[in-house]
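**Q** quick check, what structure comes out for this input:
(2 chains)
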Number of protein chains: 2
Amino acid sequence: MIRFYNGKVLTFSGGINITADEVWTDGNSIAYVGPYKDDRPAFERQIDLKGDILMPGFKDAHTHTAMTFLRSLSDDMPLIDWLYKKVYPNEAKMTDQAIYDFTRLGIMEYLTSGITASFDMYLKNDSYAKANIDAGFRTVICSGMNNFDRDITNIEREYLKFNNLHELVSHQLGIHAEYTTSMERMEYMVSLASKYKAPCYAHISETKGEVDGCIDRYGMTPPMLLDSIGFFRFGGGGFHCVWMSDEDVELFASKKLWAITNPASNLKLASGIAPITRLARAGVPLAIGTDGAASNNALDMFREMYLVTALQKYFTENASACNADSVLEMACCGGARAMGLDDCDDIAVGKKADLIVIDLSRPNMRPLNNLSKNIVLSGSKENVRLTMVNGRVLYENGEFFIGEAPESIYASCESFMKRVRE
Amino acid sequence: MIRFYNGKVLTFSGGINITADEVWTDGNSIAYVGPYKDDRPAFERQIDLKGDILMPGFKDAHTHTAMTFLRSLSDDMPLIDWLYKKVYPNEAKMTDQAIYDFTRLGIMEYLTSGITASFDMYLKNDSYAKANIDAGFRTVICSGMNNFDRDITNIEREYLKFNNLHELVSHQLGIHAEYTTSMERMEYMVSLASKYKAPCYAHISETKGEVDGCIDRYGMTPPMLLDSIGFFRFGGGGFHCVWMSDEDVELFASKKLWAITNPASNLKLASGIAPITRLARAGVPLAIGTDGAASNNALDMFREMYLVTALQKYFTENASACNADSVLEMACCGGARAMGLDDCDDIAVGKKADLIVIDLSRPNMRPLNNLSKNIVLSGSKENVRLTMVNGRVLYENGEFFIGEAPESIYASCESFMKRVRE
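**A** As a prediction, this is how the structure comes out:
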């Protein structure tokens, strides 16, 4: 058992609560949350918080982790050139080993930013899953079915395999997007969702062009089209959700579909600003993702949280829009629930020990006027003192404990990049 | 003398250059930039860059440093409430000691973000200057004349005093803004600028309401009004510059006036997005500021640089707008020149030793596809390994060397806040 003591504990039940409780973990779970007790078990480690904040980890609810290989190789260019000249040709060079190495690089970056789980959609899921398991990191794989898949029946096999492989890995059903997936294939996905009574996810209404194209093809927006074929019968949600009609918003609210926002990516690719304020007002559940490093370029939840609130103030011309506290809840609890990790959403007995310690001794956290607003509005990776996933400390005081030295991971990554850049 | 070796040196002459040169500093200046030499002087310290990047420090070209006291005390509220319920009543409580303490807190945060100089406009400049001198930090004080000043002749006395006080401190003439300063007072400022042949600065066209109000009052936009009274006869520039007409842009370009952008503040207060792409195309010189912590809430140049480029991509609906490299140049060289620190703009013999080391061993800098884009697009405070101002290392590996322990500065700040929050 591990004991966290002498600090503040931030939890979310009915808004943000900050207490002086202790937290004990036992194996992969939280075993005790409460005041000091004289009657204590023998701990394998006692972590003095020194007044710092223990809180649930952030969840990256939409990402393509191994795209770290494209960071700063594809910037400042129009979307079409970015996709066809940089992303696709280079992705074709990806090997299983490269997926493994660049996933590990991405996991390192998540840990520096206090991210304890990712909802990932990308390539070569066996290597991807292994990279997460080897590092001790939690991930939910989302299938990204599209017209380029050679064998769509593999999705069902992966769904069954990855939901029974390891406690750190699970799998959700999804298509890449309406514009990359034929109606026949989308209907196949719906048949799988019905068979397993499973939620379904997709990139949805990321760009105006995508929405216009869908209306041209089907006479409906992407959310309405997907709903019309039963895609959301068992829930799910959409990544991006930038260009949402009132009807789309109503659909998401009534079916409690997750809108997973990726503000940095939407700026960089000139896609737009998601109407978070409108979605929240309608009761749509919200979560936050970084998207991949090719379109961000950081995997940093502090950047995303800041952008979610700051962009809404600009977008709605209302400086009181999108309270920072609500954004913190999206990043911690929303993300967990969006990807089906309900037992990773908060600090409570029985929940998974996916925890972070926020360092208050850095100048950007001072004065201590309002801790949760400090985290969202001036927090940064320098404030992540410790990241624990599934009861194991994977990152502490700038050092990584993921079974391999950073220099070794970097060397593998650079060796692959030499071949890519040729 | 201090020697930096075994790394990369990033300079700006004619675009971004990255070499394997060494850099030697002597006292407050750069004494040598070039390849390894067998014939070397006795160094007091030799800093092994270990492959990291040595580059010119970032310059925060518009800020109100001591407003750190209002961080997270005034968020998620409309501008008018923010100003009249939080900012003004609390500022009235500021003592000389509080200005000193919260300036030191702000300087600590600058150092963590690789900022080596600030262009500050705020209160109680004697205490402010002392805080900078005591910390070893470089600052340019801008007078913020307005209708609340009891004795406007103090501006001239401060101009003379602070330009002759200490090598780390200088002073520029400025008014707070047209909407807070009477025509009589603005004309007095112009008379000072003429007397000293000095550039003049002001908050300019930050909000649409400000521009509309100025047109109502004078029939001109703020830039045209100020120009009409001779405000820019010897150069200068504007802070914010969000709502600029084509005529305003032409004026700034033809007179080479600095447009100093503050993107995070402009989002938070719902002011808008400055037309950086249009300004750059017209040839307006550009620099970047954080504004104060009440309206940001971080003093972090990585956040600002990222926002400058990312927001332009969104704003112009063009993912290739506002290249990251140009933003890096604004942050380093532009800022220095905007505030009259031409000898702090780059790494070259004879320039001031205002330098930073960017740590490439963190995952957000990998792979090493493009170093300057990595800094702007995925860089963060975790990458600032060392900050040197005027030849002295003030920050290294997370530790501060400013003559007082962080805990002591924090304790002074918290003690004042207790009185403010009562």
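**Q** quick check: end-to-end length of stretch A:289-301?
**A** Using Cα to Cα, to the nearest Å, the end-to-end distance of stretch A:289-301 comes out at 8 Å.
**Q** touching chain B at all, that stretch?
**A** Yes: Stretch A:289-301 is in contact with chain B by Cβ under 8 Å from any Cβ of the partner chain, via A:Ala293, A:Asn296, A:Asn297, A:Ala298, A:Leu299, A:Asp300. Glycine gets a C-beta too; all of them are placed from N, C-alpha and C.
**Q** pLDDT score assigned to the closest residue to A:Gly379 other than its chain neighbours?
**A** Distances taken as Cβ to Cβ, 6 or more residues apart in numbering or on different chains place A:Phe302 nearest to A:Gly379, at 4.9 Å, with adjacent residues excluded. According to the prediction, A:Phe302 has pLDDT 98.
**Q** now whatever helix or strand A:Phe302 lives in against helix B:301-315, angle please.
**A** Using DSSP states H and E, A:Phe302 sits in helix A:301-315. Put simply, helix A:301-315 runs at 50 degrees to helix B:301-315, going by axes from the mean of the first three to the mean of the last three Cα atoms, to 10 degrees.
**Q** angles on the backbone of A:Gly57, please.
**A** Main-chain torsions, A:Gly57, degrees, to the nearest 10: phi -60, psi 160.
**Q** tell me which residues in stretch A:153-173 are buried?
**A** Within stretch A:153-173, the residues that qualify as buried by neighbour count (16 or more other Cβ atoms under 10 Å in any protein chain shown) are A:155-156, A:158-159, A:161-163, A:165, A:168-173.
**Q** rewinding a little: next, format the residues of stretch A:289-301 next to chain B as CSV and append secondary structure and neighbour count.
**A** Putting the residues of stretch A:289-301 next to chain B into CSV (DSSP: H, G, I helix; E, B strand; the rest coil; neighbours: other Cβ atoms under 10 Å in any protein chain shown) gives the following:
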residue, secondary structure, neighbour count
A:Ala293, helix, 32
A:Asn296, coil, 29
A:Asn297, coil, 33
A:Ala298, coil, 25
A:Leu299, coil, 33
A:Asp300, coil, 28
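**Q** in CSV: the residues you listed, plus distance to B:Met145.
**A** Below are the residues of stretch A:289-301 next to chain B laid out as CSV (distance: Cβ to Cβ, whole Å):
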residue, distance to B:Met145
A:Ala293, 47
A:Asn296, 42
A:Asn297, 42
A:Ala298, 40
A:Leu299, 46
A:Asp300, 40
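**Q** which residues does the helix or strand just after the helix holding A:Phe302 contact?
**A** Using DSSP H and E, the helix or strand that directly follows helix A:301-315 along the chain is helix A:324-329. With contact meaning Cβ atoms under 8 Å, 6 or more residues apart in numbering or on different chains, helix A:324-329 is reached by A:12, A:15-16, A:280, A:288, A:305, A:308-309, A:372-373, A:375-377, B:75-76.
**Q** how about stretch A:211-219?
**A** Counting by Cβ under 8 Å, 6+ apart, A:Glu178, A:Tyr179, A:Ser205, A:Met220, A:Thr221, A:Pro222, A:Leu225, A:Trp243 sit against stretch A:211-219.
**Q** try it again with 6 Å
**A** A:Glu178, A:Tyr179, A:Ser205, A:Thr221, A:Pro222, A:Leu225, A:Trp243 (Cβ atoms under 6 Å, 6 or more residues apart in numbering or on different chains).
**Q** give the burial count for the third one, as a bare number.
**A** Just to be clear, that refers to A:Ser205. For A:Ser205, the count of nearby residues is 27 (other Cβ atoms under 10 Å in any protein chain shown).
**Q** and A:Met388, what element?
**A** Judged by DSSP H and E, A:Met388 forms part of strand A:384-389.
**Q** one step back: out of the contacts of helix A:324-329, which is most surrounded?
**A** Highest neighbour count within the contacts of helix A:324-329: A:Ile375, with 30 neighbours (other Cβ under 10 Å).
**Q** is that residue in a helix, a strand, or coil?
**A** Judged by DSSP: H, G, I helix; E, B strand; the rest coil, the three-state class of A:Ile375 is helix.
**Q** can you pull the pLDDT of it?
**A** Looking at A:Ile375, the pLDDT reads 98.
**Q** that one and A:Cys332: what is the separation?
**A** Look at A:Ile375 and A:Cys332: by Cβ to Cβ, to the nearest Å, they are 10 Å apart.
**Q** got it, and A:Ala280?
**A** Following Cβ to Cβ, the distance that separates A:Ala280 from A:Cys332 is 16 Å.
**Q** again, but for A:Ser326
**A** Distance from A:Ser326 to A:Cys332, counting by Cβ to Cβ: 11 Å.
**Q** now A:Tyr36
**A** In terms of Cβ to Cβ, A:Tyr36 sits 25 Å off from A:Cys332.
**Q** between the two, which has more neighbouring residues?
**A** Using other Cβ under 10 Å, the more surrounded residue of A:Tyr36 and A:Cys332 is A:Cys332, with 30 against 10.
**Q** how about A:Leu307, nearest residue that isn't a chain neighbour?
**A** Spatially, and ignoring its direct neighbours in sequence, A:Leu307 is nearest to A:Pro263 (3.8 Å; Cβ to Cβ, 6+ apart).
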